[in-house]
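Peer 1: take a look and give me a structure for this.
(one chain, ligands or ions: 5)
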Amino acid sequence: MPSLDEFGRIRLWTAGRQTADFLTRSGVELGIGDDAAIVSGCGAEREWLVTADTMIEQVHFLDETMGEADVGFKALAANVSDIAAMGGEPKFALVSVCVPPAWDAQRMRRLYDGLYECAERYGVAVIGGDTTSAPQHLVVSVTLIGTVEAGRAIRRSGAKPGQSVFLTGPTGLSAAGLHALRRIAAAEGAERAALTDWLSPRLAQAHRRPVPSVKAGRILALTGWGASLNDVSDGVASEAWEIAEASGVRLLLKEKLLPLSGELSAYASGNGLDAADLALFGGEDYVLLGTVDKSREAQLRERFRPEGIPLFVIGEVEEGPPGVEWEAADTGLRKPLAKQGYNHFAEGAM
Ligand SMILES: Nc1ncnc2c1ncn2[C@@H]1O[C@H](COP(=O)(O)OP(=O)(O)O)[C@@H](O)[C@H]1O
Ligand SMILES: Cc1ncc(C[n+]2csc(CCOP(=O)(O)OP(=O)(O)O)c2C)c(N)n1
Ligand SMILES: [Mg+2]
Ligand SMILES: [Mg+2]
Ligand SMILES: [Mg+2]
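Peer 2: Ligands and ions are numbered 1, 2, ... in the order given. Below you'll find the predicted structure:
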């Protein structure tokens with residue numbers, strides 16, 4: 001049997017198991033395949049949004065890359081970001097933890113300090129969860145319920161030829177932060193102290209305390225100008241591919257338009273890394289990637305401005321077989337953009 005990547009596995013396990021008719025009768029407006037499911041039954045005016053994301057020690061963080069409170073904050077923030085990517089408001093969270101011996105009650109209490117800090121910031125009520133022991137590594141899994149005005153949720157599938165592709169913030173900072181934090185973790189003594197001194201707070205913060213774009217999602221949903229939307233967890237390239245495949249369009253991304261922050265460029269050039277690679281394939285940015293009609297671009301920028309939200313147009317949507325292309329800044333030549341990013345089971349693994 002051919003090996004399957006993360007998304008192939010999800011399809012193998014779930015595709016065709018329940019009929020569209022059964023799902024519709026159950027009130028499911030949109031099931032598996034987007035940032036959150038859309039479910040009716042929240043009154044006539046609104047719909048429920050439901051999503052889940054998990055963080056695991058060694059996969060999503062190490063003791064050296066994240067403090068306890070950072071883990072709690074980010075576990076909830078990653079879920080808030082998926083509600084933002086539908087244009088909704090986060091409301092209720094269920095928090096399940098599998099706790100190994102090294103995570104004693106006080107460490108877990110600090111994790112919950114960060115989790116509640118995030119809950120407070122985004123108006124989320126923590127209403128339950130589950131607790132078990134674990135043999136070795138900590139697992140934090142959050143289920144988040146949100147709401148959105150009926151019919152206003154923004155799907156990955158709404159991109160149309162002629163639209164602009166946008167980002168609500170720069171990307172690559174979290175991946176650079178992780179790179180720096182891993183180097184610190186691997187170093188010892190004086191080298192470790194020196195690397196820690198050089199660590200840019202902005203990069204570390206981007207990795208440890210991501211800022212989900214709820215406000216941007218709300219503006220996109222309430223104006224109706226957000227045609228398609230995705231949050232950037234696995235990387236810009238991977239999320240762009242998801243929009244292209246869900247919408248049946250091609251996305252053309254342009255190197256000359258990709259926002260690269262000064263901190264990212266400085267870190268990349270000082271460490272033999274390519275800033276654009278980090279920005280395209282790094283992931284865990286939790287900004288929004290979406291498409292908007294060109295005729296609405298200027299108005300959208302005006303609506304974002306007073307909120308301090310940037311609108312970076314990074315390319316456009318074209319007709320053609322689903323895919324993503326990359327236009328080089330120097331030559332203007334296009335090439336296919338690899339469907340590469342964070343994948344829990346890279347192809348080739350069993
Ligand atoms: N084990 C699973 N069983 C059923 N659905 C799943 C499973 N894992 C992921 N999904 C669904 O597959 C889709 C893609 O998941 P994922 O890539 O994690 O989304 P995101 O990056 O927005 O968190 C989502 O709709 C998610 O709810
Ligand atoms: C120790 C460590 N190694 C690697 C990473 C990088 N990383 C782990 S998961 C991930 C992608 C996002 O997580 P995922 O579970 O795929 O969330 P989802 O796409 O479902 O929102 C990235 C970039 C990390 N944060 N920490
Ligand atoms: Mg998502
Ligand atoms: Mg997920
Ligand atoms: Mg992922």
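
Peer 1: who does the helix or strand where A77 lies touch, helix- and strand-wise?
Peer 2: Using DSSP states H and E, A77 sits in helix 68-84. If you count contacts as 3 or more Cβ pairs under 8 Å, 6 or more residues apart in numbering; DSSP states H and E, helix 68-84 packs onto strand 46-56, strand 89-99, helix 105-122, strand 139-149, helix 201-208, helix 214-223, strand 228-231. Any C-beta I mention is one placed from the backbone N, CA and C, and that applies to glycine too.

Peer 1: can you redo these as a markdown table with mean neighbour count and mean pLDDT?
Peer 2: Shown next, in a markdown table, are the helices and strands packed on helix 68-84 (neighbours: other Cβ atoms under 10 Å; pLDDT from 0 to 100):
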| stretch | mean neighbour count | mean pLDDT |
| --- | --- | --- |
| strand 46-56 | 20 | 98 |
| strand 89-99 | 20 | 98 |
| helix 105-122 | 17 | 98 |
| strand 139-149 | 22 | 98 |
| helix 201-208 | 20 | 97 |
| helix 214-223 | 21 | 98 |
| strand 228-231 | 28 | 98 |
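
Peer 1: looking at the ones you listed, which is nearest to ligand 3?
Peer 2: Closest to ligand 3 of the helices and strands packed on helix 68-84 is strand 228-231 (Cβ to the ion; 4.3 Å).

Peer 1: okay, now the unreliable bits of this structure?
Peer 2: 1, 347-350 (pLDDT under 70).

Peer 1: coming back round to it: would you mind giving the helices and strands packed on helix 68-84 as a markdown table with distance to ligand 2 added?
Peer 2: Output for the helices and strands packed on helix 68-84, formatted as a markdown table (distance: least, Cβ to the nearest ligand atom, whole Å):
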| stretch | distance to ligand 2 |
| --- | --- |
| strand 46-56 | 5 |
| strand 89-99 | 14 |
| helix 105-122 | 15 |
| strand 139-149 | 11 |
| helix 201-208 | 7 |
| helix 214-223 | 15 |
| strand 228-231 | 7 |
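
Peer 1: let's have those in a markdown table, adding distance to G290.
Peer 2: A markdown table is the format used below for the helices and strands packed on helix 68-84 (distance: least, Cβ to Cβ, whole Å):
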| stretch | distance to G290 |
| --- | --- |
| strand 46-56 | 16 |
| strand 89-99 | 18 |
| helix 105-122 | 20 |
| strand 139-149 | 15 |
| helix 201-208 | 20 |
| helix 214-223 | 7 |
| strand 228-231 | 4 |
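
Peer 1: mind checking which of the ones you listed is nearest ligand 5?
Peer 2: Judging the helices and strands packed on helix 68-84 by Cβ to the ion, what sits closest to ligand 5 is strand 46-56, at 8.2 Å.

Peer 1: residues in the stretch 1-150 of the chain within reach of ligand 1, list them.
Peer 2: Counting by Cβ under 6 Å from any ligand atom, the stretch 1-150 of the chain comes close to ligand 1 at I10, T14, I32, G33, D34, D35, D53, D82.

Peer 1: is it true that the second one touches I32?
Peer 2: In this case it means T14. Yes: taking contacts as Cβ atoms under 8 Å, T14 lies within contact range of I32: 5.5 Å.

Peer 1: re earlier: quick one: the helix holding A77 to strand 139-149, angle?
Peer 2: Compare the direction of helix 68-84 with that of strand 139-149 by axes from the mean of the first three to the mean of the last three Cα atoms, to 10 degrees and you get 30 degrees.

Peer 1: ok, and does helix 68-84 reach over to ligand 2?
Peer 2: Yes: against ligand 2, helix 68-84 shows contacts by Cβ under 6 Å from any ligand atom at A78.

Peer 1: quick one: residues contacting R202.
Peer 2: L173, S261, E263 (Cβ atoms under 8 Å, 6 or more residues apart in numbering).

Peer 1: top of these by neighbour count?
Peer 2: Counting neighbours by other Cβ atoms under 10 Å, L173 leads the contacts of R202 with 28 neighbours.

Peer 1: distance of that one from A185?
Peer 2: 18 Å (Cβ to Cβ, to the nearest Å).

Peer 1: helices along the stretch 251-350 of the chain, start to end?
Peer 2: 262-270, 275-281, 297-304 (DSSP state H, counting those that start in this stretch).

Peer 1: how is the chain divided into domains?
Peer 2: Listed by automatic domain parsing, the domain ranges of the chain are 6-149, 156-336.

Peer 1: nice, that's everything, thank you.
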